[in-house]
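Asks: Provided below are the primary sequence and the corresponding predicted coordinates.
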Amino acid sequence: MKRMLTLAAAALMSATFFAGAASAKTFVFCSEGSPEGFDPGLYTAGTTFDASAHPIYNRLLEFKPGTTQPEAGLAESWEISADGTVYTFKLRKGVKFQTTDYFTPTRELNADDVVFSIGRQIDEKNAWNKYINGATWEYADGMGFPKLIKSIEKVDDLTVKVTLTRPEAPFLANLAMPFASIMSKEYADSLDKAGTKEQLNQQPVGTGPFTFVAYQQDAIVRYKKNPDFWGTAPKIDDLVFAITTDAAVRYQKLKAGECHLMPYPNAADVESMKSDSNLQVMEQEGLNIAYLAYNTTIAPFDKVEVRKALNKAINKKAIVDAVFQGMATPATNPIPPTMWSYNNDIKDDTYDLDAAKKMLADAGVKDLSMKVWAMPVSRPYMLNARRAAEIIQDDYAKIGVKVEIVSYEWAEYLQRSKDKNRDGAAIMGWTGDNGDPDNFLDTLLGCDAVGGNNRAQWCNKEFDALVKKAKSTSDMAERTKLYEEAQVIFKKDAPWATIDHSLAVVPMAKGVTGFTQSPLGDFTFEAVDIAE
């Protein structure tokens, strides 16, 4: 990869984050992990979106800061046909793509860029559909976009028409999500001509507030203010992601002034953070869920009786106490209780070891050995998956089930856990990307998402029909009723052990202003500033 920082340069930069010229402002974010790449359409992880979609790119619509409300982005206006199947978007005039050391645009944003960015994700025959080895459009596929979008067409340079096969209530919100980021077709064409298409995922070009400068694997990502940004110009000149996987080390760096803001602190550190006069701490209810996804296609996890038995053996309160020290609540349903359509009538599986043992025996299961996968990074919904896995391991041992805990580097973990032949059960989680129940129920549990976001490989036709019907109507009462019914089926069939919904906590230096905590769990910095 060109322009990659050397380790020595990365170390030097780490030591001189705040020693730049007085005229330049550098903001340092101690990020929790490395991005998988810089083409947001290929991924679903928040870590990757924070480093790619949010600083570098824009979408047709954007979420109003601090809300789940879509508003105008690269599309300044849109019209929807009476039958809800045709969306016509009017693009902003004068939006420029970023100029970098490796690409200089010759034209402004137009409809070709939108058609390219979305079209490659929904058409297997598109020349960019498999432009890197193993390319999958997990989000687009999981939400059924290839079946939903009948056509996407350029009407004129500043007009795009999208025709759907059916009405889709959350469609506008979906287009505001990171995977729908708009890329430069001109840049893509230049890479194609040079025979270096893979660089689209390594050296990004977008229309966003920051321009990509360089990336050192597992160490640092550097950006600079985009002088041609169409929106309000960032207040900081340089943005640095200092990749720091250990939460305790992130906290040390924050206290030492080596970074301005950090995600996902250890629960045990939060009170001391709040009492530190040099820090400020934001917090809000997280729109999230952590869960243990069984592979429901492999014995004995293909038996609902076995899954229910294992669920009854997990002491969720112990996990919440140990991992979150009370800053989370045990989860019952696959959507958070703050989300509309949450079914309050559903009762959770009781923690009952004797009942769990009997259920396993009745199912003909004895001497069961299994793997529990534990993610290697802190996430808002699961601060310490290894510790949670150890608690589950101890719980399962009490009912005669032997557990081996396994893990992989984060990008590999995400890739391997999608495998339809994956063994055991994987600790996973989700923070809502658009505030709609569809983003949990269909995206994570729908039949279209099997082999992708649906880590349980669970395809229940009755459940799937309900969630598909729910998103085809705009009647909120009807959608709520259908989603409530779907949650009943989920709980009865138990493809997951639901674990927790957590509080989202963001500590930062006292001098940081302009940061807005997102209910979607995003970390964006176009509006931040730091005191002189």
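Replies: Sure, I can see it.

Asks: Contacts for the helix or strand containing Ile427 next, please.
Replies: Counting by DSSP states H and E, the element that carries Ile427 is strand 425-431. Applying Cβ atoms under 8 Å, 6 or more residues apart in numbering, the contact partners of strand 425-431 are 46, 286-295, 301, 310, 370-375, 379-382, 385, 388-389, 417, 440, 443-444, 455, 497, 499, 520-521. For every residue, glycine as well, the C-beta is placed using N, CA and C.

Asks: Report all helices and strands that the strand ranked longest in the chain contacts.
Replies: Selection of the longest strand in the chain by residue count, based on DSSP state E, yields strand 496-509. Other helices and strands packing on strand 496-509, by 3 or more Cβ pairs under 8 Å, 6 or more residues apart in numbering; DSSP states H and E, are helix 247-255, helix 270-275, strand 279-285, strand 288-294, helix 304-312, helix 316-319, strand 328-330.

Asks: circling back to that earlier point, state the mean pLDDT of the strand holding Ile427.
Replies: Here strand 425-431 scores 97 as its mean pLDDT.

Asks: Run the angle between that strand and strand 496-509 for me.
Replies: Strand 425-431 runs at 50 degrees relative to strand 496-509, counting by axes from the mean of the first three to the mean of the last three Cα atoms, to 10 degrees.

Asks: Restricting to C-alpha, output strand 425-431 in PDB.
Replies: Coordinates of the C-alpha atoms in strand 425-431 are reproduced here as PDB (Å, rounded to 0.1, in the frame of the first residue of the first chain):
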ATOM      1  CA  ALA A 425     -21.800 -20.200  19.600                       C
ATOM      2  CA  ALA A 426     -20.400 -16.700  19.000                       C
ATOM      3  CA  ILE A 427     -20.700 -13.700  21.300                       C
ATOM      4  CA  MET A 428     -21.900 -10.900  19.000                       C
ATOM      5  CA  GLY A 429     -23.700  -7.700  19.300                       C
ATOM      6  CA  TRP A 430     -25.300  -4.800  17.500                       C
ATOM      7  CA  THR A 431     -25.900  -1.100  17.800                       C
END
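
Asks: Contacts for the very next helix or strand once past it, please.
Replies: Sequence-wise, the next helix or strand downstream of strand 425-431 (DSSP H and E) is helix 438-445. Contact with helix 438-445 is made by 139, 142-144, 169-170, 173-174, 289, 334-335, 339, 430, 432-433, 448-449, 453-456, 458, 463-464, 467-468, 470-471, 483, 486-487, 490, 495, as judged by Cβ under 8 Å, 6+ apart.

Asks: Show me how far stretch 287-301 is from its chain's centre.
Replies: Relative to the chain's own centre, stretch 287-301 is displaced by 18 Å; criterion: Cα atoms, centre = their mean, to the nearest Å.

Asks: Name the helix or strand for Val160, please.
Replies: Going by DSSP H and E, Val160 is in strand 159-164.

Asks: If you count contacts, what does that strand end up packed against?
Replies: Judged by 3+ Cβ pairs under 8 Å, 6+ apart, the packing partners of strand 159-164 are strand 86-91, helix 111-122, strand 149-156.

Asks: Any idea which of those gets closest to Tyr215?
Replies: Tyr215 sits nearest to helix 111-122 of all the helices and strands packed on strand 159-164, at 21.4 Å, using Cβ to Cβ.

Asks: on contacts alone, who are the packing partners of that closest one?
Replies: Using 3+ Cβ pairs under 8 Å, 6+ apart, helix 111-122 is in contact with strand 86-91, helix 145-148, strand 149-156, strand 159-164, helix 185-194.

Asks: ok, and what's touching the first one?
Replies: The reference is to strand 86-91. 60, 74-81, 109-111, 114, 155, 157-164, 171-172.

Asks: Note down every partner strand of that strand and its orientation.
Replies: strand 75-80 (antiparallel), strand 159-164 (antiparallel) (DSSP bridges).

Asks: just checking, which of these sits deepest inside the structure?
Replies: strand 159-164 (a mean of 19; mean count of other Cβ atoms under 10 Å).

Asks: how much does it deviate in direction from helix 111-122?
Replies: Using the same axes, to 10 degrees: strand 159-164 against helix 111-122 is 20 degrees.

Asks: can I have the helix or strand just after strand 159-164 written out in PDB, keeping just the CAs?
Replies: For strand 159-164, the following helix or strand on the C-terminal side (DSSP H and E) is helix 171-175. Taking C-alpha atoms only, helix 171-175 is exported to PDB below (Å, rounded to 0.1, in the frame of the first residue of the first chain):
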ATOM      1  CA  PHE A 171     -35.700   2.800   2.900                       C
ATOM      2  CA  LEU A 172     -34.700   6.500   3.400                       C
ATOM      3  CA  ALA A 173     -33.200   5.700   6.800                       C
ATOM      4  CA  ASN A 174     -31.300   2.800   5.200                       C
ATOM      5  CA  LEU A 175     -29.800   5.100   2.700                       C
END
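
Asks: how about the helices of the stretch 351-500 of the chain, start to end?
Replies: 353-362, 385-397, 410-417, 438-445, 461-470, 476-493 (DSSP state H, counting those that start in this stretch).

Asks: now the fifth one, how far from the centre of its chain.
Replies: Right, the one you point to is helix 461-470. That offset, for helix 461-470, works out to 23 Å (Cα atoms, centre = their mean).

Asks: Packing partners of that helix?
Replies: helix 438-445, helix 476-493.

Asks: do the first one as well
Replies: In terms of contacts (3+ Cβ pairs under 8 Å, 6+ apart), helix 353-362 is packed against helix 304-312.

Asks: likewise the second one?
Replies: Using 3+ Cβ pairs under 8 Å, 6+ apart as the contact criterion, the neighbours of helix 385-397 among helices and strands are helix 316-319, strand 369-373, strand 402-406, strand 425-431.

Asks: give me the number of residues near Gly66?
Replies: 12 (other Cβ atoms under 10 Å).

Asks: How about it: what's its closest non-neighbour residue?
Replies: Using Cβ to Cβ, 6 or more residues apart in numbering and skipping the chain neighbours, the partner closest in space to Gly66 is Thr516 (4.6 Å).

Asks: pLDDT score for Met4?
Replies: Reading off the model, Met4 has pLDDT 35.

Asks: hang on, I meant Gly142
Replies: 85.

Asks: could you list every residue that touches it?
Replies: 44, 442-444, 446, 448-449, 452-454 are the contacts of Gly142 under Cβ under 8 Å, 6+ apart.

Asks: Kindly report the same for Arg422.
Replies: Arg422 touches 295, 373, 416, 455, 457, counting by Cβ under 8 Å, 6+ apart.

Asks: Tell me the most packed of these, by neighbour count.
Replies: Counting by other Cβ under 10 Å, top hit in the contacts of Arg422: Arg455 with 29 neighbours.

Asks: Spatially nearest residue to that residue (excluding sequence neighbours)?
Replies: Counting by Cβ to Cβ, 6+ apart, the residue nearest Arg455 is Ala293, at 3.9 Å.

Asks: any idea how far Leu74 is from the one you found?
Replies: 35 Å (Cβ to Cβ, to the nearest Å).

Asks: for Thr480, same thing?
Replies: From Thr480 to Leu74 the distance is 32 Å (Cβ to Cβ).

Asks: okay, the two: which has more neighbours?
Replies: Leu74 (23 against 16).

Asks: I'd guessed the more buried one sits against Thr207; true?
Replies: Yes: judged on Cβ atoms under 8 Å, Leu74 makes contact with Thr207 at a distance of 6.8 Å.

Asks: Need the overlap of contacts for those two.
Replies: 58, 95, 109, 182.

Asks: And for the third one, the neighbour number?
Replies: For Leu109, the count of nearby residues is 26 (other Cβ under 10 Å).
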